[in-house]
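Asks: structure for this input, please:
(chains A and B)
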Amino acid sequence: MNLRKAFPSLITAITAILVLILVKPVFIHGEVLEYTLLKITDNLLISFTIDPLGAFFASLASVLWFFTTVYSTGYLAKKKRQRTFFTFFLISLAVTLGISFSANLFTFYLFYEFLTLATYPLVTFDKSEEAERAGVIYLFYSFAGAGLVLLGMFLTYSMAGTIAFDPEGILAVDMASNFKLIATFFIFIAGFGVKAAIIPLHSWLPLAMAAPTPVSALLHAVAVVKSGVFGILRILYSIFGIDQLQALQLGIPVAIIASFTIILASIIALKQDVLKRRLAYSTISQLGYITLGAGLVNFVGLSGGTIHILNHAILKITLFFCAGIIINMTGKKKISELAGVGKQLPFTMIAFTLASIGMVGILPLNGFISKWYLVEGSLHAGAPIFFVVLMLSSFLNACYFFPIISKAFFWEGPFKPSKGIEAPLAMLAPTLFLAASCLIVGIYLDFSVPLVQDVVTYFIS
Amino acid sequence: MQDIQTLVNVPWPFLAVLIPLLGGIIILAKRNISKVVFNSLLFIFSFLPLLLTIIMYNTITQQKVYYYSLEVVSPFSLTFQVDGLGFLVALVSAFVWFCATVYSFNYMEKYQDQSRFYGYLLLTLAGTIGVALAGDFLTLLLFFEVMTLSSYVLVVHNQSKEAYEAGDIYLYMGVVGGLLVFASTALLYYFSGSVSFIEAAHGLLEVSPEATAKYVMAIMFTIGFGIKAGMMPVHIWLPKAHPVAPAPASALLSGIMIKAGAYGIIRTLLLFAPPEGVDFSQMVGVSADLLWQYFSSMGYVVIWIGVVTMFMGVSIALLQGNAKRMLACHSISQMGYILMGIGAAAYLGNEGGMGLSGSIYHIINHALFKSLLFLSVGMVYFKTKEVNMYNLGGLWRNLPFTAIVCLIAALGITGFPGFNGYASKTLLHHAIEDSAHYGTHFTSLITAERIFVITGGGTVASFIKLMHMTFFGKRPDDLKDVKGEPLAAKIAMGLLALSIIALGVFPHAIIGGVLVPALAYFNIDPGHLDYLAGTNVFIAPDLFNILICFIIGTAIYITGKKSGLFKKELPAWLGGEFWGAKFIQAANLVWRGGVAVLDGFMMVIKKVTQKIYVFTFKNLIKLDYRPGDAVTYKNISFANLDFDLLLVIIMLTAVLSVAFYVQFLV
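Replies: The predicted model follows:
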């Protein structure tokens, strides 16, 4: 591997280390760092802050970005236009970090729009007609969503006189009529719901699977969709604040919308035959978990949602990496063609198995922890119906993941054991490492649970 | 009785689970090693857990509890806590596993991919021992899932079409079972603030006995574990999955793994028993009597579930021609006995030692004789490639050793005096009789007792059938040259047969020396324990009872044989599977309908949004100042992106937003 190829990975590695150094004081001393870049007017600032939630998201994104970049160098080894790819890939990292460190709605909105622009060339990277169409739809959905966010921002400013994020919320019940507050809330939810792929605002996501697999993995399992969810968390806990949410009873509607998303997406996923599309619908369903956790508006529920940001990111990126290896090494995109693929790609399929078991929420993988906290949260919220939703969705997860595994390992197919290493090391190593980390994060809870509790304590004490 | 002493931080239970786990991974990773090394590795890895379990024998002799915990974050810690019950289940699992592994050395030779089979066999062993040694419900759930997922591989090992079908239903029902246990564990933690067996039982006292959620939890636990235990009506996976696996795996699935379900149900029930040493006068709204009353009505339900399960199981079994399938159906029936015993224990409250000890005894006995039966039928299959009883016969001349051990096991399962099944069945019979006489539901429970006896008769009939059609009777001509049982298999089967006889000849030593000390961990009346310890099973009424069973059994067999009832095609509508299949069909139909409706719904949304897009695009193209370039939107990509178009889009969004804004304000 020459230096030019290693360069993007190097940059992301450095970024990840810098971000980790930067966020360390937040988690250790509980300090919140702030920095104002540009003052447009007194109330319109481009400023950054590192609070626990932002720090959590930023460190997750930057670390996973590193792995994805390494994987991409392997995946795109024989493709042209690598320079274009990595340029926008790195810009997207910058924008994602900007989103996570935003100190106010304006900055957030700015980076939210940038993210769409920076990822558009990645989505259409293949230049196929399908990709172009997906790109156009992606742009329109995203801009429509961002437009709503802008509208929400105006409304918020008109009521609160500020748009800076605050852990206790900046809106209060006595600022405006309940109707206006609730309307603002749902405008925001619809705006961020586009990127968070809440049904029925989700159709761009499965189409965007036309992108190269590392892009799907990162942007559509971690960065883009998680920035939508991140926006929802910000709205709920930094703009409205827990007291207003409780006073206006806003949590339950969000949780209901999320429940519909969870169940519907799981059912649609069942009948997808293209592996990446099935993963895409699984993403939609799993994002619902995070939204559901946020909508439960209690400590345990929010912990569940937040910890699922981490767990889902690792699990889904592993699954996408596996899908990418399968596509690259065998050229098969459909699940029905995958019988016996475990012979050719044993390690890949082991990683896939681990991640699927995690997705279903079976001990001892990390998905279980999220599910446990969400379930406890729904009981604490006094709404056991969400409990049922979670259990049903776990079963549906099993129904759409396990057939792939049993097909791959136990059915006879045209695949022959590969000679030597089954896939380029640049692709296989990150996949296996992340699959192992699913297991490690699931077992070594001293790492993830206190981290998430720090984040949640910042909003709900 | 000595006080219970807890030994903290003794790693034996942890090692007993860890060694087979690591062993399984090593075997899976290390393919291509010589056969001698491979077999000795297997021998070591399956012998060590047995040894480590035996080390903990003083849970029985000296009332010691082994406790080992790896703290993570509360409540997620890996906790092991070994009391008498857990020890017994773990011991019998490890022992039978060891025998089955030794047996497979020959049996598995001709199968493909041996390392996969043995690797997952060891992983399943780790899961099973872990279930027995776990100290809280989360640890139990962990090993329960390990067991389910790794045993799936054993079920589909043959890779035939049947195996895939059976594997699918096994896996999905297993997942549902696991999820139910998970859900009820979560509820338990919510109610009691703990998941450990003892603390949770204390915590549950704080919840009012009238709270329905508590019983929802109990039901979910019972169904979740009941799926694994082959409880009616969630048994449908069992007759499919057990026969398709290779014989050693069938033996373990049927002999050991379903016991994990029964063990879970016992743990659940003990959770609801009022714990010892609680001063009820200090508590508001809760009294011991009230708690016992609820406990007892739960027991009543479980008794009837057990009775129905045992009777239905044996009825299906009588109609089977496939020997392995018949044995699987008997597993359902025998699990019914165990469930009934557990129910009777709960029904009689703190005097329920008879039912509990009968169940535990039967768990051990059934593990021994059912695995031996599967192994001997497996040996017949190994030599003749035939499992249909109607095509076999007269094999005692060819396979004398197999015939003898199979006879011993058959005598065990039918409850012939002097063999192990007799003692446990007698205890269970006492338990149901006691429930009828001392409880409040005399008529109903005395009916249950009658069914119990008839079921015993059915069991006898179907094992006369097995022995007669396989080992005695007329030998088909093509089976003349069958001979030679391998030595390793002989040793394994011999060990099991010996243990069956040992447990059967000295039942009183077992009851007094093993079962009563194991029960001492639970809140059972000491006087009752003394009475239990003095039970004599070799008395006239009990022997007479077995005689009745054998008479009924012989009668059923002769009638069945003469009238050709056994050979009749299964009247499909009688079998539970038929209804299971119908149910699945109906569910499929509902499912498809639902999906179709959903599809239609999504289609409408899609069409509408597409219409909106097209409309928007058309208007946007009109806005484009370059005339004649109407295909712009098709060619948008970053390389030739018209920034003006993009600007138009952004401006439009902004304008729309402002319009909304004004509308809201004014």
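Asks: give the closest residue to B:T609 in space, chain neighbours not counted.
Replies: Closest residue in space to B:T609, ignoring its immediate chain neighbours: A:S203 at 6.9 Å, by Cβ to Cβ, 6 or more residues apart in numbering or on different chains. Yep, even glycine has a C-beta here, placed from its N, CA and C like the rest.
Asks: OK, contacts around the one you found?
Replies: By Cβ atoms under 8 Å, 6 or more residues apart in numbering or on different chains, A:S203 lies in contact with A:137, A:141, B:606, B:609.
Asks: let's see it at 10 Å
Replies: The neighbourhood of A:S203, defined by Cβ atoms under 10 Å, 6 or more residues apart in numbering or on different chains, consists of A:137-138, A:141, A:197, A:284, B:602, B:605-606, B:609-610.
Asks: from these, which is closest to A:Q344?
Replies: The shortest approach to A:Q344 among the contacts of A:S203 belongs to A:I284, at 29.9 Å (Cβ to Cβ).
Asks: that's a strand at the closest one, yeah?
Replies: No - secondary structure assignment (DSSP: H, G, I helix; E, B strand; the rest coil) places A:I284 in helix, not in a strand.
Asks: wait, it sits on A:V194?
Replies: No - counting by Cβ atoms under 10 Å, A:V194 is not a contact partner of A:I284; they are 12.0 Å apart.
Asks: which residues do these two both contact?
Replies: In contact with both A:I284 and A:V194: A:201-202, A:205, using Cβ under 10 Å, 6+ apart.
Asks: considering only the residues you listed, which also neighbour chain B?
Replies: Near chain B, judged by Cβ under 10 Å from any Cβ of the partner chain, the entries from these are A:L201.
Asks: mind checking the backbone torsions on B:K64?
Replies: phi -110, psi 140 (degrees, to the nearest 10).
Asks: that older thread, quick one: which of the contacts of A:S203 is most hemmed in?
Replies: A:A197 (30 neighbours; other Cβ atoms under 10 Å in any protein chain shown).
Asks: give me the buried stretch members for stretch A:363-383, please.
Replies: A:363-379, A:381, A:383 (16 or more other Cβ atoms under 10 Å in any protein chain shown).
Asks: could you do stretch A:245-264 as well?
Replies: A:245, A:248, A:250-252, A:254-259, A:261-264.
Asks: distance from that stretch to the middle of the chain?
Replies: With Cα atoms, centre = their mean, to the nearest Å as the basis, stretch A:245-264 stands 19 Å off its chain's centre.
Asks: do you know the pLDDT at residue 95?
Replies: Reading this off chain A. pLDDT, A:V95: 93.
Asks: let me rephrase: I mean chain B.
Replies: Taking B:F95 on its own, its pLDDT is 92.
Asks: burial check on it, number of neighbours?
Replies: B:F95: 22 neighbours (other Cβ under 10 Å).
Asks: pretty sure it contacts B:I500?
Replies: No - B:F95 is beyond contact range of B:I500, at 11.9 Å (criterion: Cβ under 10 Å).
Asks: find the residues that touch each one of the two.
Replies: Listed as contacting both B:F95 and B:I500 by Cβ under 10 Å, 6+ apart are B:L368.
Asks: for the chain, which segments count as strands?
Replies: Answering for chain A, as no chain was given. A:33-39, A:45-50 (DSSP state E).
Asks: chain B, not that one
Replies: Under DSSP E, chain B gives strands at B:5-8, B:64-73, B:76-82.
Asks: inside helices: which ones of the buried residues of stretch A:245-264?
Replies: Among these, the residues falling in helices (DSSP state H) are A:245, A:248, A:251-252, A:254-259, A:261-264.
Asks: ok, and of the residues you listed, which contact chain B?
Replies: A:263-264.
Asks: looking at the ones in helices among the buried residues of stretch A:245-264, which one is closest to chain B?
Replies: When those are ranked by distance to chain B (Cβ to the nearest Cβ), A:L264 comes first, at 6.9 Å.
Asks: my guess is the closest one meets A:L392, correct?
Replies: No - using Cβ under 10 Å, A:L264 is not in contact with A:L392, being 11.6 Å away.
Asks: and the buried residues of stretch A:363-383 near chain B, which?
Replies: Contacts with chain B within the buried residues of stretch A:363-383, as defined by Cβ under 10 Å from any Cβ: A:363-365, A:368-369, A:371-376, A:378-379.
Asks: just want the residue of chain A that's nearest chain B.
Replies: Nearest residue of chain A to chain B (Cβ to the nearest Cβ) works out as A:G147 at 3.6 Å.
Asks: gap between that residue and A:L233?
Replies: 21 Å (Cβ to Cβ, to the nearest Å).
Asks: can you pull the pLDDT of residue 47?
Replies: Assuming you mean chain A. Listed pLDDT for A:S47 reads 90.
Asks: can you look at chain B instead?
Replies: 90.
Asks: also A:F447?
Replies: Predicted confidence (pLDDT) for A:F447: 83.
Asks: what of B:G130?
Replies: 92.
Asks: chain A is nearest to which of the strands of chain B?
Replies: strand B:64-73 (4.4 Å).
Asks: partners of that closest one in the sheet?
Replies: Here strand B:64-73 is paired, per DSSP bridges, with strand B:5-8 (parallel), strand B:76-82 (antiparallel).
Asks: distance between it and the chain's centre?
Replies: How far strand B:64-73 lies from its chain's middle: 25 Å, per Cα atoms, centre = their mean.
Asks: quick one: the helices in the stretch 1-150 of chain A?
Replies: Secondary structure of the stretch 1-150 of chain A (DSSP state H, counting those that start in this stretch): helices at A:3-29, A:52-75, A:82-101, A:105-123, A:129-160.
Asks: determine which stretch of those helices is the most buried.
Replies: Ranked by mean neighbour count, these are led by helix A:52-75 with a mean of 25 (mean count of other Cβ atoms under 10 Å in any protein chain shown).
Asks: that helix: how far from the chain's middle?
Replies: Put simply, helix A:52-75 sits 11 Å off its chain's centre (Cα atoms, centre = their mean).
Asks: helices or strands next to it in the packing?
Replies: With contacts defined as 3 or more Cβ pairs under 10 Å, 6 or more residues apart in numbering or on different chains; DSSP states H and E, the packing partners of helix A:52-75 are helix A:3-29, strand A:45-50, helix A:82-101, helix A:213-218, helix A:224-234, helix A:299-330, helix A:425-443, helix A:445-459.
Asks: one more time with 8 Å
Replies: In terms of contacts (3 or more Cβ pairs under 8 Å, 6 or more residues apart in numbering or on different chains; DSSP states H and E), helix A:52-75 is packed against helix A:3-29, helix A:82-101, helix A:213-218, helix A:224-234, helix A:299-330, helix A:425-443, helix A:445-459.
Asks: the second one versus helix A:52-75: what angle between them?
Replies: Inter-element angle recorded for helix A:82-101 and helix A:52-75: 170 degrees (by axes from the mean of the first three to the mean of the last three Cα atoms, to 10 degrees).
Asks: how about the helices and strands packed on helix A:52-75 in TSV, adding distance to chain B?
Replies: As requested, the helices and strands packed on helix A:52-75 are exported to TSV (distance: least, Cβ to the nearest Cβ, whole Å):
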stretch	distance to chain B
helix A:3-29	16
helix A:82-101	8
helix A:213-218	14
helix A:224-234	16
helix A:299-330	10
helix A:425-443	8
helix A:445-459	4
